[in-house]
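**Student:** Build me a structure from this.
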Amino acid sequence: MKQTLTKSLQDILSKEVILFVLQVGAAGFVLSSLFVWYFWEAMTSFITSYLAWIPWEWLQTSGAKIVTFGLAYMIFIVIVALLTSLYSEKLLIALAKKHYPSTHVIGTGNIHTSIFLTLKASLVFLLLFIVTLPLLFIPVFGQLVILYLWSILLKEPTIYDVGALFINDKTVLKEKRKNTRVLAMIAALFNYVPLANIFAPVFAQILFLHHILKEEK
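**Tutor:** All right, here's what the predicted structure looks like:
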């Protein structure tokens with residue numbers, strides 16, 4: 001785990017990764033801004049109606065706008081995760097060749113499967129975010145809940161995107177899935193910091209890359 005974290009932190013600060021993240025972040029910002037702008041009234045109306053049953057008056061008034069902005073932030077995170085999943089293959093291969101030159105690329109991810117898994121994880125994430133919303137305002141516990149939810153967004157799509165490139169044995173891939181929840185939660189820590197959150201999906205992929213290939217050097 002220590003070696004995986006060390007190499008991943010070194011990679012996340014490399015020129016090629018930073019350039020990729022900035023490009024994805026810019027595209028994600030534009031797309032999420034357009035989406036939120038178009039659906040802002042609908043989102044606000046939904047959040048206000050949803051919060052009406054919660055017996056916290058402050059949450060029903062000023063809290064509604066905060067929650068709406070929070071939902072917009074989550075949509076941005078989802079779009080960045082989707083774009084990262086779609087366009088990170090060349091970056092992952094370059095990093096694999098850099099650290100593990102003897103490792104061969106054995107395949108490529110199916111774009112439809114990748115999109116399906118990302119959208120599926122995003123839908124589960126957003127639904128659980130809405131359902132568990134009241135819990136998120138509980139100090140400490142709420143932060144742990146949202147960290148777990150963010151890991152849902154990252155875990156399955158990342159396992160597929162990275163695993164499809166280097167592993168074709170389902171038994172081996174199943175073994176490599178161990179501890180990936182922890183890795184996803186570590187990567188999701190970036191989401192606590194605005195702007196830095198654009199690094200979360202690619203950091204998850206880099207963590208998984210080293211986790212999968214560290215014994216295949």
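**Student:** where does this protein have its least confident helix or strand?
**Tutor:** When each helix and strand of the chain is scored by mean pLDDT, DSSP states H and E, helix 57-60 comes last, with a mean of 57.
**Student:** First-to-last residue distance for stretch 161-172?
**Tutor:** End-to-end distance for stretch 161-172, by CA to CA, to the nearest Å: 15 Å.
**Student:** Need the contact partners of that stretch.
**Tutor:** Counting contacts by CB atoms under 8 Å, 6 or more residues apart in numbering, the residues outside stretch 161-172 that touch it are 85, 88-89, 92-93, 96, 103-110, 114, 173, 176, 205, 208-209, 212-213, 216. For the C-beta atoms, the positions are set from N, CA and C on the backbone; glycine is no exception.
**Student:** Just the ones in strands from these, please.
**Tutor:** Cross-referencing these against strands under DSSP state E gives no overlap.
**Student:** Filter those down to the buried ones and hand me the ChimeraX line.
**Tutor:** Burial among those is assessed by 16 or more other CB atoms under 10 Å; the matching ChimeraX selection reads:
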select :85,88,89,92,93,96,103,109,114,173,176,205,208,209,212,213
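**Student:** Which of the contacts of stretch 161-172 fall within helices?
**Tutor:** Assignment to helices by DSSP state H places the following of the contacts of stretch 161-172 there: 85, 89, 92-93, 96, 114, 173, 176, 205, 208-209, 212-213.
**Student:** which one of the residues you listed is nearest Ile18?
**Tutor:** Lowest distance from Ile18 to the ones in helices among the contacts of stretch 161-172 (CB to CB) belongs to Gln205, with 14.5 Å.
**Student:** May I have the residues that are in contact with the closest one?
**Tutor:** Neighbouring residues of Gln205 by CB under 8 Å, 6+ apart: 84, 88, 92, 158, 161-162.
**Student:** Count the residues that sit near Ala196.
**Tutor:** Using other CB atoms under 10 Å, Ala196 has 14 other residues around it.
**Student:** got the phi/psi numbers for Leu195?
**Tutor:** Here the main-chain torsion angles of Leu195 (degrees, to the nearest 10) amount to phi 80, psi -50.
**Student:** which residues does the nearest residue to it once chain neighbours are set aside contact?
**Tutor:** Counting by CB to CB, 6 or more residues apart in numbering, Gly25 is the residue found nearest to Leu195 once chain neighbours are left out, at 7.8 Å. The neighbours of Gly25, taking CB under 8 Å, 6+ apart as the test, are 80, 195, 198.
**Student:** doesn't Gly28 make contact with the last one?
**Tutor:** Yes - at 6.7 Å, Ile198 counts as touching Gly28 under the criterion of CB atoms under 8 Å.
**Student:** how close does the residue nearest to Leu133 when sequence neighbours are not counted sit to Asp161?
**Tutor:** Counting by CB to CB, 6+ apart, the nearest residue to Leu133 once its immediate chain neighbours are dropped is Val67, at 6.7 Å. With the distance defined as CB to CB, to the nearest Å, Val67 ends up 31 Å from Asp161.
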